[in-house]
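Peer 1: sequence and predicted model, in that order:
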Amino acid sequence: MSRTPNPARDLGISIREARSDLGWTQYELAKRAKVSRPTIARVETGGNVSTGSLRKILDALGKDLTIT
């Protein structure tokens, strides 16, 4: 049985790895992105998040999102 791809989960994993590479906690990223810590947790687990919050998180990490 194959699993359906989950792009939100894959994005969350990438964000968690980028945060970890910087040595930041979820709290540190939340503070820098000006979003709540639960928002960071939700993003990292592939949950729903607004595009505005996602943009703030990516900016804080110095990352871009490319859709192909």
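Peer 2: Sure, I can see it. Everything quoted here is computed from the prediction, not taken from an experiment.
Peer 1: which helix runs longest in this structure?
Peer 2: Counting residues, the longest helix in the chain under DSSP state H turns out to be helix 7-21.
Peer 1: just checking, what packs against whichever helix or strand comes after that helix?
Peer 2: Taking DSSP states H and E as the definition, the helix or strand that follows helix 7-21 towards the C-terminus is helix 26-33. Other elements packing on helix 26-33 under the criterion 3 or more C-beta pairs under 8 Å, 6 or more residues apart in numbering; DSSP states H and E are helix 37-44, helix 51-61. Quick note: C-beta positions are derived from backbone N, CA and C, even for glycine.
Peer 1: report the distance from helix 26-33 to the chain centre.
Peer 2: The offset between the C-alpha centroid of helix 26-33 and the centroid of the whole chain comes to 11 Å, using C-alpha atoms, centre = their mean, to the nearest Å.
Peer 1: and the closest residue in space to Thr39 that isn't next to it in sequence, what is it in contact with?
Peer 2: The shortest distance from Thr39 to any residue other than its chain neighbours is 5.5 Å, reached at Ser53 (C-beta to C-beta, 6 or more residues apart in numbering). Contacts for Ser53 (C-beta atoms under 8 Å, 6 or more residues apart in numbering) come out as 33, 35, 39, 43.
Peer 1: do Val43 as well
Peer 2: Val43 sits next to 11-12, 15, 49, 53-54, 57 when contact means C-beta under 8 Å, 6+ apart.
Peer 1: next one: Glu44
Peer 2: If a contact means C-beta under 8 Å, 6+ apart, then Glu44 has 12-13, 15-16, 19, 26 as its contacts.
Peer 1: circling back to that earlier point, adding mean pLDDT and distance to Thr68, write the helices and strands packed on helix 26-33 out as a markdown table.
Peer 2: Supplementary listing: the helices and strands packed on helix 26-33 in a markdown table, determined by pLDDT from 0 to 100; distance: least, C-beta to C-beta, whole Å:
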| stretch | mean pLDDT | distance to Thr68 |
| --- | --- | --- |
| helix 37-44 | 98 | 20 |
| helix 51-61 | 97 | 16 |
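Peer 1: pick the most deeply packed of those.
Peer 2: Each of the helices and strands packed on helix 26-33 was scored by mean neighbour count; the highest is helix 37-44, a mean of 19, by mean count of other C-beta atoms under 10 Å.
Peer 1: if anything else comes up later, I'll come back, but that's it for now.
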